[in-house]
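>>> Give the three-dimensional model of this entry:
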Amino acid sequence: IGILKKAFGEQQAKQNTLLQQQSEKIDFLESTLNTSTTEYNKQVENSNQGVAEAKAQLNTLGQSLGGKLNQIGYWVGFAVLLGLLGIALGIIVRKKLARSSDQLEDNLSRMRTQMEEENVKLDSKLVELLQSQMKLVQEQPSSPAVPVPAEAEIDHSLPLRVGAEILRLRQRIKKLPDGTKGTRSMFKSLERLEDEFNERGYELVEMLGKPFDDRLNAKARFIPSDDIGVDERIISKIIKPQINFNGVSIQVAEIEVITGEE
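Got it, this is the predicted structure:
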């Protein structure tokens with residue numbers, strides 16, 4: 001019995017020792033588990049905090065970008081508005097300029113017409129004045145029965161002036177716009193002046209548009225031209241007319257002649 005008790009006691013001691021060791025291992029495992037759980041929770045908390053901070057940063061960044069986008073949108077809208085206003089203003093200004101230009105052109109055209117009409121009136125009065133003065137010039141017969149003494153010189157100054165005015169008025173009538181008021185009246189007055197001029201023995205020699213001849217009594221200025229044939233020479237402008245008195249030249253013509261080129 002004593003031996004059994006001793007053996008049982010030893011066995012009980014071994015079991016207690018094992019239980020103690022197992023209890024210590026369990027405590028160690030629990031401690032390790034608690035430590036791991038705590039560290040895990042800290043990591044989770046840190047992760048959650050990082051996520052929260054990231055969300056906050058993203059929200060801040062989103063708000064900042066949203067504000068910048070709003071500003072950009074505002075400036076883009078403002079720029080578009082300015083562009084539209086500029087286009088509208090340009091259209092309005094162009095229309096006003098076009099209207100102003102049309103009005104100015106109408107005014108200038110009306111003023112030119114009025115000036116032409118006034119000039120025609122003045123020229124008509126000048127023609128009448130020259131005609132009345134020509135009537136004062138003594139009529140010279142083409143073949144006088146009584147020869148005029150050689151020393152008696154005839155004053156041709158007035159007829160020469162009249163001849164120059166007749167040429168000027170002929171050219172002016174050709175350039176007047178159709179329908180200019182007073183043109184027909186001036187033309188009739190000019191015809192009467194030419195008749196009076198011719199009745200006094202004076203004549204304007206017609207040269208304009210005719211071929212040039214070296215025998216002509218004229219001072220010529222030659223201008224090359226491609227508009228006529230080679231070797232052609234055409235009188236294109238009368239600067240001063242040739243005036244004859246009783247068939248004799250009393251004024252040499254000054255003319256321009258266009259010449260054909262090869």
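>>> Let me know the average pLDDT across the lengthiest helix in the chain.
If you go by DSSP state H, the chain has its longest helix at helix 2-134. Averaged across helix 2-134, pLDDT comes to 78.
>>> Tell me who's in contact with residue 128.
Counting by Cβ atoms under 8 Å, 6 or more residues apart in numbering, residue 128 makes contact with residue 189. All C-beta atoms are positioned from the backbone trio N, CA, C, and that covers glycine.
>>> for residue 197, same thing?
134, 159, 162-163, 166, 204.
>>> Check which helix or strand it maps to.
helix 183-199 (DSSP states H and E).
>>> Show residues contacting whichever helix or strand comes after that helix.
Note on helix 183-199: by DSSP H and E, the next helix or strand toward the C-terminus is strand 202-204. Here strand 202-204 makes contact (Cβ under 8 Å, 6+ apart) with 159, 162-163, 166-167, 194, 197, 241-245, 247.
>>> Widest-spaced pair of those?
167 and 247 (19.3 Å; Cβ to Cβ).
>>> What average pLDDT does the very next helix or strand once past the longest helix of the chain get?
Proceeding N to C from helix 2-134, the next assigned helix or strand is helix 157-175, under DSSP H and E. The average pLDDT within helix 157-175 is 92.
>>> how big is the angle separating helix 157-175 from helix 183-199?
150 degrees (axes from the mean of the first three to the mean of the last three Cα atoms, to 10 degrees).
>>> Does anything pack onto the helix or strand harbouring residue 239? Which helices or strands?
Following DSSP H and E, one finds residue 239 within strand 233-240. Under the contact criterion of 3 or more Cβ pairs under 8 Å, 6 or more residues apart in numbering; DSSP states H and E, strand 233-240 touches strand 253-260.
>>> Please work out the average pLDDT along the strand it packs on.
94.
>>> now for that strand, which elements pack on it?
strand 218-225, strand 233-240.
>>> Buried deepest among those strands, which one?
Of the helices and strands packed on strand 253-260, the one with the most neighbours on average (mean count of other Cβ atoms under 10 Å) is strand 233-240, at a mean of 18.
>>> which residues touch residue 116?
Residue 116 makes contacts with 176-177, 180, as judged by Cβ under 8 Å, 6+ apart.
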